[in-house]
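# my questions are about this predicted structure, shown below with the sequence.
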Amino acid sequence: MTDAQMNGFDTLQVHAGTEPDPATGARQVPIYQTTSYVFKDADHAARLFNLEEVGYIYSRLTNPTVGALANRIVALEGGVGGVCTSSGHAAQLMALYPLMGPGKNIVASTRLYGGTYTQFTQVFARFGWSCTFVDFDDPAAVEAAIDDDPRAIFCESLANPVGYPIDLDAIGKVAQKAGLPLVVDNTSATPYLCRPFDHGATLVVHSTTKYLTGNGTVTGGAIVDSGKFDWSASGKFPSLSEPEPAYHGINFHAALGEMAFTFHSIAVGLRDLGMTMNPQAAHYTLMGIETLSLRMRKHVENAQKVAEWLEAHDKVEMVNYAGLKSSPVHETGKRIFPRGTGALFTVALKGGFDDCVKLVSNLKLFSHVANLGDTRSLVIHSASTTHRQLTDEQREAAGAGNNVVRLSIGIEDAEDIIADLDQALAAL
Ligand SMILES: *Cc1c(COP(=O)(O)O)cnc(C)c1O
């Protein structure tokens with residue numbers, strides 16, 4: 001198939017990155033359940049290790065099934081290269097790893113997935129990485145937070161837990177002016193609703209655990225590189241622009257150009273951090289991704305109906321969904337996410353913390369789980385679960401206040417989702 005026939009999203013999600021298996025003609029991507037690959041001869045092995053030839057050495061680095069998935073996500077995001085990882089959190093660490101070092105800083109949005117906040121504040125601190133949290137609705141404040149130390153700007157496109165649209169155009173401009181890579185977690189939007197590279201992002205990270213797989217079967221992550229960032233311009237990214245001691249002194253940017261970040265992620269990131277996706281997980285995610293756009297269209301349509309119904313309910317104080325005209329970020333949402341602002345939103349109940357806990361246990365169709373982006377409708381009371389370890393102030397700042405439940409609207413019939421919420425609210 002030629003590239004000319006492969007422009008539309010619905011086509012790419014089915015075909016990109018894969019061809020019939022060269023050995024057997026198998027139409028579906030085989031699960032290459034192998035750890036190692038036979039070298040043709042000693043010279044072939046040497047060329048592979050020198051990164052002079054692309055091929056397979058060991059599945060901690062590369063595997064054909066995992067590679068097919070990475071290439072498909074790269075195509076959907078419009079990047080030049082990328083890798084898959086064992087989880088979304090692994091993708092975040094691995095995306096930042098080549099950029100950071102002790103004493104360096106990340107400027108991050110206050111609106112983040114709870115686990116990301118903990119990773120950035122607690123775990124990264126032990127690597128000597130610091131993190132400054134800023135309200136990304138205020139690009140001037142983001143700019144003001146940048147001194148000599150930052151090596152990355154980080155945010156989610158549709159930010160947790162309210163599906164809050166970030167004005168990526170504005171943040172992209174700040175990043176460009178500062179000469180820093182903008183790293184965007186595009187998990188809740190997916191490339192169907194938003195392509196962060198069109199708004200100035202350098203790297204995109206995903207938890208493929210969520211919508212990309214779509215059925216709640218496996219954890220996984222991905223990093224995609226736009227290929228547009230000049231790693232050598234500022235001298236701030238020596239792992240990429242100077243001889244890398246972790247890989248016998250190769251200068252990745254000089255040797256590999258726009259593929260520098262991707263090759264570094266394989267040759268150093270996956271090799272030495274070891275947070276590799278396994279081929280079984282890649283298989284499940286490849287199955288899911290084939291229907292991504294179909295699911296996202298239904299997710300968004302259902303979310304809009306449910307949000308409008310909830311907004312009119314007398315036990316509901318507020319619905320935080322950018323798809324609603326009442327949302328203060330409705331216009332930003334339409335501009336950055338023209339196909340819809342996802343299916344994740346929060347509902348504030350007049351009855352507070354106790355009513356939230358009761359609602360969660362009254363719901364029957366909704367599953368009470370610490371996940372999102374499943375075909376099934378999911379609910380969680382963030383304050384008593386995912387955001388439990390945060391202070392009240394941090395929860396408020398993260399949009400996870402005590403009287404708030406988060407809904408991840410599935411692809412069931414909207415009427416059934418609404419009926420479940422109706423009975424659960426009535427019983428409060
Ligand atoms: C789930 C999630 C993560 C973490 O991904 P895992 O696959 O659970 O490690 C990171 N960011 C966002 C926005 C998420 O929803």
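The structure has been received and is ready for your questions.

# these two touch, right, residue 231 and residue 237?
Yes: with contacts counted by CB atoms under 8 Å, residue 231 reaches residue 237, the gap being 4.7 Å. Any C-beta I mention is one placed from the backbone N, CA and C, and that applies to glycine too.

# residue 280: which element?
Assessed by DSSP states H and E, residue 280 sits inside helix 279-289.

# does that helix come close to the ligand?
No: figure legend: helix 279-289 not in contact with the ligand (CB under 6 Å from any ligand atom); closest approach 10.4 Å.

# for that helix, buried residues please.
279, 281-286, 288-289 (16 or more other CB atoms under 10 Å).

# wait, which of the residues you listed is closest to residue 425?
Relative to residue 425, the closest of the buried residues of helix 279-289 is residue 288; by CB to CB it sits at 31.7 Å.

# my read is that that closest one contacts residue 214, right?
Yes: Residue 288 lies in contact with residue 214 (CB under 8 Å); the separation is 4.1 Å.

# residue contacts, whatever residue of the stretch 201-350 of the chain ends up closest to the ligand?
Of all residues in the stretch 201-350 of the chain, the one sitting closest to the ligand is residue 207 (3.0 Å; CB to the nearest ligand atom). Contacts for residue 207 were tallied using CB atoms under 8 Å, 6 or more residues apart in numbering; they are 87-89, 91, 185, 187, 219-221.

# can you show me the CA trace of the lowest-mean-pLDDT helix or strand in the chain as CSV?
With mean pLDDT, DSSP states H and E as the measure, the helix or strand of the chain carrying the lowest mean pLDDT is helix 392-397 (a mean of 80). Extracted in CSV, the C-alpha atoms of helix 392-397 (Å, rounded to 0.1, in the frame of the first residue of the first chain):
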residue,chain,number,x,y,z
ASP,A,392,-6.9,19.2,50.4
GLU,A,393,-5.2,22.2,48.7
GLN,A,394,-3.4,19.9,46.2
ARG,A,395,-6.6,18.1,45.5
GLU,A,396,-8.5,21.3,44.8
ALA,A,397,-5.6,22.5,42.6
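
# for the helix or strand following that helix, the distance to its chain's centre please.
Downstream of helix 392-397, the first helix or strand assigned by DSSP H and E is strand 404-408. The chain centroid and the centroid of strand 404-408 are separated by 19 Å, computed with CA atoms, centre = their mean, to the nearest Å.

# quick one: the closest residue to residue 364 other than its chain neighbours and the ligand, what's the gap?
Spatial nearest neighbour of residue 364, excluding adjacent residues (CB to CB, 6 or more residues apart in numbering): residue 420 at 5.7 Å. In this view, residue 420 and the ligand are 23 Å apart by CB to the nearest ligand atom, to the nearest Å.

# would you confirm that residue 420 belongs to a strand?
No: counting by DSSP: H, G, I helix; E, B strand; the rest coil, residue 420 is not part of a strand but helix.

# what sits against the residue of the stretch 51-200 of the chain at minimum distance from the ligand?
Of the residues in the stretch 51-200 of the chain, the one nearest the ligand is residue 88, at a distance of 2.3 Å by CB to the nearest ligand atom. Applying CB under 8 Å, 6+ apart to residue 88 gives the contacts 185, 187, 205-210, 219-221.

# and if you look at residue 392?
Contact partners of residue 392, counting by CB under 8 Å, 6+ apart, are residue 402.

# and the gap between it and residue 401?
Using CB to CB, to the nearest Å, residue 392 is found at 8 Å from residue 401.

# find the residue closest to the residue of the stretch 51-200 of the chain closest to the ligand in space, skipping its chain neighbours.
residue 207 (2.5 Å).

# thought residue 116 was touching residue 187?
No: applying CB under 8 Å, one finds residue 116 not in contact with residue 187, separated by 9.8 Å.

# the stretch 151-300 of the chain against the ligand: which residues are in contact?
That would be 156, 160, 185, 187-188, 207, 209-210, 219, 221, which are the residues of the stretch 151-300 of the chain within reach of the ligand (CB under 6 Å from any ligand atom).

# looking at those residues, spot the one nearest residue 416.
Closest to residue 416, out of all of those and judged by CB to CB, is residue 210, at 21.9 Å.

# now find how far off-centre the helix holding residue 280 is within its chain.
Distance, centroid of helix 279-289 to centroid of chain: 16 Å (CA atoms, centre = their mean).

# mind giving me the packing neighbours of the helix or strand just after it?
Counting by DSSP H and E, the next helix or strand C-terminal to helix 279-289 is helix 292-311. When contacts are defined as 3 or more CB pairs under 8 Å, 6 or more residues apart in numbering; DSSP states H and E, helix 292-311 packs onto helix 9-15, helix 190-193, strand 316-320, strand 344-349, helix 414-426.

# the same query, at a cut-off of 10 Å, please.
On a contact count with 3 or more CB pairs under 10 Å, 6 or more residues apart in numbering; DSSP states H and E, helix 292-311 meets helix 9-15, helix 64-77, helix 190-193, strand 316-320, strand 344-349, strand 404-408, helix 414-426.

# any idea how far residue 72 is from residue 305?
30 Å.

# apologies, that question was intended for residue 264.
Distance of residue 264 to residue 72, computed by CB to CB: 21 Å.

# what about residue 208, how many residues nearby?
By other CB atoms under 10 Å, 30 other residues sit near residue 208.

# so what's the residue count around residue 42?
Neighbour count for residue 42, taken as other CB under 10 Å: 8.

# how about the spatially most central residue of the chain, what does it touch?
Closest residue to the average C-alpha location of the chain: residue 206 at 2.4 Å, with CA atoms, centre = their mean. Each residue near residue 206 by CB atoms under 10 Å, 6 or more residues apart in numbering is listed here: 73, 76-77, 82, 84-85, 88, 91-92, 184-191, 212, 220-224, 285.

# before we move on, what SS does it have?
Under three-state DSSP, residue 206 falls in the strand class.

# nearest residue to it other than its sequence neighbours?
Computed as CB to CB, 6+ apart, the closest residue to residue 206 that is not its neighbour in sequence is residue 222, at 4.4 Å.
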